[in-house]
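Asker: sequence? don't have it. structure:
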């Protein structure tokens, strides 16, 4: 069957040149539409592509961020920021003491010097007796230090001479003379109670020196 194309030409009313131009235009439109579906849009945000392609990969990261946020709200510190062990007053040196708040080279040297006079610290409270150490500084460092009485250098009350006894800050001159005289008259001192009963020391002094005496 032969199709009469003259009627189509007359119906559209296009010339040959116009028909050729229209055909080329339609071909270009078809190519553009095909490329749009075949080639992905490069302007699409990479985050959206990753989210759509790998949702399971992103979930652990989100959960981790939430965990850190909750720990921060609870005031938890990283492991490296954990509080250090208290400084032992009877073993430390000046370099350790200056790491404490409010303690500089001068105060650290005084703390060591007073430790030498005592023979060691029996209590953290004795830091209050260090010359020039402010009460507010003691409040800051009292929980950061400790005192082990097993590290104290004891005084043998039956053999120590006047010079040795005078180094103990808690004995005054009268008490030292009383102790030496009593030893000459009565011999060996056997206990702290004996010293109190015979009025060699008063009860206040006895309370301070009880950790520092031995009775060989």
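Answerer: Thanks, I have it. Since we're looking at a predicted model, the values are computed, not measured. Numbers count the residues shown, from 1 in each chain.
Asker: domain parsing for this protein?
Answerer: Following automatic domain parsing, one finds the domains of the chain at 87-151, 155-214.
Asker: the strands in the chain, which residues?
Answerer: 87-88, 145-146, 155-156, 213-214 (DSSP state E).
Asker: and those, which is most packed in?
Answerer: Stretch with highest mean neighbour count among these: strand 145-146 (a mean of 18; mean count of other Cβ atoms under 10 Å). Quick note: C-beta positions are derived from backbone N, CA and C, even for glycine.
Asker: ok, it: who's next to it in the sheet?
Answerer: strand 87-88 (parallel) (DSSP bridges).
Asker: Can you report the mean pLDDT over the residues of the partner strand?
Answerer: For strand 87-88, the mean pLDDT works out to 97.
Asker: who touches that strand?
Answerer: 96-97, 99-100, 144-148, 151 (Cβ atoms under 8 Å, 6 or more residues apart in numbering).
Asker: cutoff 10 Å now
Answerer: 93, 96-97, 99-100, 103, 121, 141, 144-148, 151 (Cβ atoms under 10 Å, 6 or more residues apart in numbering).
Asker: Same question for stretch 160-176.
Answerer: By Cβ under 10 Å, 6+ apart, stretch 160-176 touches 114, 116-119, 126, 129, 154-157, 177-180, 183, 195, 199-202, 204-209, 212-214.
Asker: what distance separates the start and the end of that stretch?
Answerer: End-to-end span of stretch 160-176 (Cα to Cα, to the nearest Å): 10 Å.
Asker: do the same with stretch 209-216
Answerer: End-to-end distance for stretch 209-216: 16 Å, by Cα to Cα.
Asker: One more: stretch 158-178?
Answerer: Start-to-end, stretch 158-178 (Cα to Cα) is 13 Å.
Asker: on that earlier part again, inside helices: which ones of the contacts of stretch 160-176?
Answerer: Among these, the members falling in helices are 114, 116-118, 177-180, 183, 195, 204-209 (criterion: DSSP state H).
Asker: Roughly how far does the closest residue to residue 103 other than its chain neighbours sit from residue 137?
Answerer: Leaving out its chain neighbours, the residue that sits closest to residue 103 by Cβ to Cβ, 6 or more residues apart in numbering is residue 97, at 5.2 Å. Per Cβ to Cβ, to the nearest Å, residue 97 is found 11 Å from residue 137.
Asker: Report the set of residues contacting both of the two.
Answerer: Common neighbours of residue 97 and residue 137, counting by Cβ under 10 Å, 6+ apart, are 103, 107.
Asker: what about these two, which has more around it?
Answerer: residue 97 (21 against 17; other Cβ atoms under 10 Å).
Asker: Is it correct that residue 92 is in contact with residue 85?
Answerer: No. Residue 92 lies out of contact with residue 85 (Cβ atoms under 10 Å); the separation is 11.4 Å.
Asker: anything in contact with each of these two?
Answerer: Both residue 92 and residue 85 are contacted by residue 146, under the criterion Cβ under 10 Å, 6+ apart.
Asker: what's the burial count for residue 119?
Answerer: 17.
Asker: what's near enough to touch the residue lying closest to it once chain neighbours are set aside?
Answerer: Distance criterion Cβ to Cβ, 6+ apart; nearest residue to residue 119, sequence neighbours excluded, is residue 153 at 3.8 Å. Contact analysis of residue 153 by Cβ under 10 Å, 6+ apart lists 90, 115-116, 118-120, 212.
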